[in-house]
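S.K.: quick one: sequence plus predicted model below, questions after.
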Amino acid sequence: MAGGRAGVADLRGPGFLNSDPTELKAALAREARALGFDGIGITAPGTIESAGRYFLEFIASGGHGDMEWLAAQPERRIDPRGLWQDVRSVIMLGVNYGPDQDPLAILKQRTRAAISVYAQGDDYHDLIKKRLKALARWLVATAPSDVKVFVDTAAVMEKPLAQAAHLGWQGKHTNLVSREFGSWLFLGAIYTTLELPRDDAEIDHCGSCHACLDICPTAAFPAPYKLDARRCISYLTIENKGPIPHEFRKAIGNRIYGCDDCLAACPWNKFAQEGREAKLAARDELRAPTLAELARLDDAAFRALFTKSPVKRIGRDRFLRNVLIAIGNSADATLAAEARRLLEDASPLVRGAAVWALGQLLPREEFDAIKPAAMDGERDEDVREEWQVAS
Ligand code: B12
Ligand code: SF4
Ligand code: SF4
């Protein structure tokens, strides 16, 4: 039996817990730990008003880029009651995914791909959703109530709610920082109709530090605590569906899926611990794959390599687009052969990125020699434009 079940719940039965909120909260925390959560805290709706205001400012400034789903129905996001009017308490949960090596080290290996830490193992959405459902089932069985569970994709402001529930604070890089786990915590939420004892909000411990702001390769922070997603490599390589804007291509380096720089720079990581969940741990083949091998993935091979991985979500073409940007930044002329082959790819997104990569790697005369015939055979407007600007 799971460790968390040994306690008041077993000795006195669920009815007792239902009538004693403090005992229920303690038993819930034990159950959460037994299910694999590393942090838990409780807050109530109505505790994230200032975050809601900032959110509306963020959307009004266009900082969300093409993430229309983020801007849709803001009333649901800025207050949990906008999503579900019966919610009385919000249980916030964290899962530690602390890496076992320095995530910045791979950035120096320019012929290899940097995949962000969160995407080197299984998809956290699936794992955390299962755990949230199990915990919610336990709660309903112990104290009859209605519940809803969320991880990442719903209209829930997970970071401000987690701060209100004392799991950590929203640092200047805008992510939640935990005193125990640094920047490496995934978040999930359970909304419930139960009135549960709340935790006090965590306070900001950033002080005068600005390490995360300084390290950002694309200057994505217009001010501390504010991110312009349109400049963030995580957005550019994952959410952005079209060609990557030229101004960011060099700064992307070899980051082909997400970015960890601001998280990794945080001094609070000195307290971080390696994640305890094997499914979230880095798969060997995704720690430092070569750009050459990734450039050869067709759709089937892409799907096979990224089974159960969050990377699968962006599809082979967007992935190859990112790999080609990294190839262009590799300074390794032998990789020009991969880019050249991909000039014939069926996807214009891939062909356009291949043009840019070749422009970076080939000597000017060689590039100019292949350009006229290639441009002539190209019917896609965006790819023709890549040829034009690449000279
Ligand atoms: C949209 C989104 C993104 C977007 C936008 C990121 C962003 N910072 O908003 C993009 C695609 C760029 C992104 C990237 C990443 N993401 Co993301 N993302 C989300 C998502 C779905 C919504 C976040 C949101 O509401 N953004 C809107 C903006 C307005 O909200 P905000 O950042 O909280 O903005 C606050 C601050 O700006 C602050 N503020 C504004 N002005 C001021 C002024 C002052 C004085 C103060 C104090 C505060 C302040 O108030 C705002 C409201 O709280 C959440 C999941 C969820 N449902 O919450 C995951 C989530 C935030 N992402 C997560 C992760 C892991 C990442 C990446 C690390 C992935 C990677 N390695 O590539 C990067 C990190 C980039 C970064 N520096 O933020 C985790 C973060 C976990 C944690 N510990 O915080 C989350 C919570 C998913 C999860 N369930 O675990 N993400
Ligand atoms: S994830 Fe990378 S690009 Fe995005 S804000 Fe952080 S350091 Fe900048
Ligand atoms: S790096 Fe410094 S400023 Fe940024 S979140 Fe961490 S403590 Fe705060």
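M.R.: Now that the structure is in, tell me what you want to look at. Ligands and ions are numbered 1, 2, ... in the order given.
S.K.: what helix or strand does the closest residue to Ile40 other than its chain neighbours sit in?
M.R.: Distances taken as Cβ to Cβ, 6 or more residues apart in numbering put Ala32 closest to Ile40, at 4.5 Å, once the chain neighbours are dropped. Where C-beta positions appear, they are placed from N, C-alpha and C, glycine not excepted. Using DSSP states H and E, Ala32 maps to helix 21-34.
S.K.: quick check: closest non-adjacent residue to the single nearest residue of the stretch 201-350 of the chain relative to ligand 1.
M.R.: Closest contact between the stretch 201-350 of the chain and ligand 1, by Cβ to the nearest ligand atom, is at Gly258 (2.8 Å). In this structure, Gly258 finds its nearest non-sequential neighbour in Ser116, 3.1 Å apart by Cβ to Cβ, 6+ apart.
S.K.: contacting residues around the one you found?
M.R.: Neighbouring residues of Ser116 by Cβ atoms under 8 Å, 6 or more residues apart in numbering: Pro103, Ser234, Arg255, Tyr257, Gly258, Cys259, Asp260.
S.K.: list phi and psi for the fourth one.
M.R.: It stands for Tyr257. Phi and psi for Tyr257, reported as degrees, to the nearest 10, are phi -160, psi 100.
S.K.: contacting residues for it?
M.R.: Ala113, Ile115, Ser116, Ala119, Thr237, Ile238, Val311, Ile314, Phe319, Asn322.
S.K.: just the pLDDT for it.
M.R.: Per-residue confidence (pLDDT) for Tyr257: 98.
S.K.: and the closest residue to it other than its chain neighbours, what are its phi and psi?
M.R.: Among residues not flanking Tyr257 along the chain, Ile115 sits closest, at 4.8 Å (Cβ to Cβ, 6+ apart). The phi/psi pair for Ile115 (degrees, to the nearest 10) reads phi -100, psi 130.
S.K.: next: Val147.
M.R.: Dihedral pair for Val147: phi -140, psi 160, per degrees, to the nearest 10.
S.K.: repeat that for Val177.
M.R.: phi -110, psi 130.
S.K.: same check on Thr111?
M.R.: Backbone torsions for Thr111, taken as degrees, to the nearest 10, come to phi -100, psi 10.
S.K.: was I right about it contacting Glu338?
M.R.: No - with contact defined as Cβ atoms under 8 Å, Thr111 does not count as touching Glu338 (10.7 Å).
S.K.: pull up the overlap in contacts between the two.
M.R.: Listed as contacting both Thr111 and Glu338 by Cβ under 8 Å, 6+ apart are Leu291, Ala292.
S.K.: of the two, give the one with the bigger neighbour count.
M.R.: Under the criterion of other Cβ atoms under 10 Å, the comparison of Thr111 against Glu338 puts Glu338 first, with 24 against 16.
S.K.: if I look at the residue of the stretch 201-350 of the chain closest to ligand 1, how far off is Tyr235?
M.R.: 9 Å (Cβ to Cβ, to the nearest Å).
S.K.: cool, Arg249 as well?
M.R.: 14 Å.
S.K.: any idea how far the helix holding Ala32 is from the chain center?
M.R.: Here helix 21-34 is found 28 Å from its chain centre; the criterion is Cα atoms, centre = their mean, to the nearest Å.
S.K.: for it, packing partners?
M.R.: When contacts are defined as 3 or more Cβ pairs under 8 Å, 6 or more residues apart in numbering; DSSP states H and E, helix 21-34 sits against helix 8-12, helix 14-19, strand 39-43, helix 124-142.
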